[in-house]
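> here are the coordinates; sequence isn't available:
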């Protein structure tokens, strides 16, 4: 039952992210795009660093490095039970590319803030996976992961 809670929490958070992205205007003003590029880079860098923790199977450190909302939503015990079952079947990471990073100031079901959702195309030994990682800039100014949703590519 705990893994379902874990996956449901992550899926809910990231489904909301995808819904917001779908409603985004097709073109942003040039000035906003330039300002957002720095934020998108910061969020992407945080997401990549966090994924490295998962690649090393350092599950506890990844949970510790996550946002306060993530840690409140996904208890450590549920995380430690579920994430190995999600990640280990993929095998070792072969290659990962950031495909897209999108900056938003609001997500459904989350407080207003600064969010960056990054889509990674990841190739593992046993499977190709799209990994969606959402980061949030917390009150201390640091970007931390607030959602993770890996989806095998069929």
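Received the coordinates, thanks. Since we're looking at a predicted model, the values are computed, not measured.

> Tell me if I'm right that residue 60 and residue 76 touch.
Yes: if you go by C-beta atoms under 8 Å, residue 60 and residue 76 touch, sitting 7.4 Å apart. C-beta coordinates here come from the backbone N, C-alpha and C atoms, glycine included.

> and the longest helix for the protein?
Within the chain, and with DSSP state H defining each element, the longest helix by residue count is helix 30-55.

> can you tell me the average pLDDT over it?
Along helix 30-55, the predicted local confidence has a mean pLDDT of 89.

> so which strand or helix has residue 98?
Per DSSP states H and E: residue 98 is located in strand 93-104.

> Which strands border the helix or strand that comes right after that strand, and is each parallel or antiparallel?
The C-terminal neighbour of strand 93-104 among helices and strands, as given by DSSP H and E, is strand 115-124. Taking DSSP bridges as the criterion, strand 115-124 sits next to strand 93-104 (antiparallel), strand 128-137 (antiparallel) in its sheet.

> Strand 115-124 - what's its average pLDDT?
Averaged across strand 115-124, pLDDT comes to 98.

> Same question for it: list its buried residues.
Under the neighbour-count criterion of 16 or more other C-beta atoms under 10 Å, strand 115-124 has 115-120, 122, 124 buried.

> Check stretch 90-107 too.
By neighbour count with 16+ other C-beta under 10 Å, stretch 90-107 contains the buried residues 90, 93, 96, 98, 101-104, 107.

> Can you tell me which of the residues you listed is nearest residue 152?
Each of the buried residues of stretch 90-107 was scored against residue 152 by C-beta to C-beta, and residue 90 proved nearest at 8.0 Å.

> was I right about the closest one contacting residue 128?
No: between residue 90 and residue 128 there is no contact under C-beta under 8 Å: 9.0 Å.

> so how many other residues sit close to residue 77?
Residues within reach of residue 77, counting by other C-beta atoms under 10 Å, total 10.

> Secondary structure element for it, which one?
Here residue 77 is assigned to helix 76-87, by DSSP H and E.

> The residue nearest to residue 128 when sequence neighbours are not counted and residue 53, how far apart?
Using C-beta to C-beta, 6 or more residues apart in numbering and skipping residues adjacent in sequence, the residue nearest residue 128 is residue 153, 4.3 Å away. Distance, residue 153 to residue 53, using C-beta to C-beta, to the nearest Å: 23 Å.
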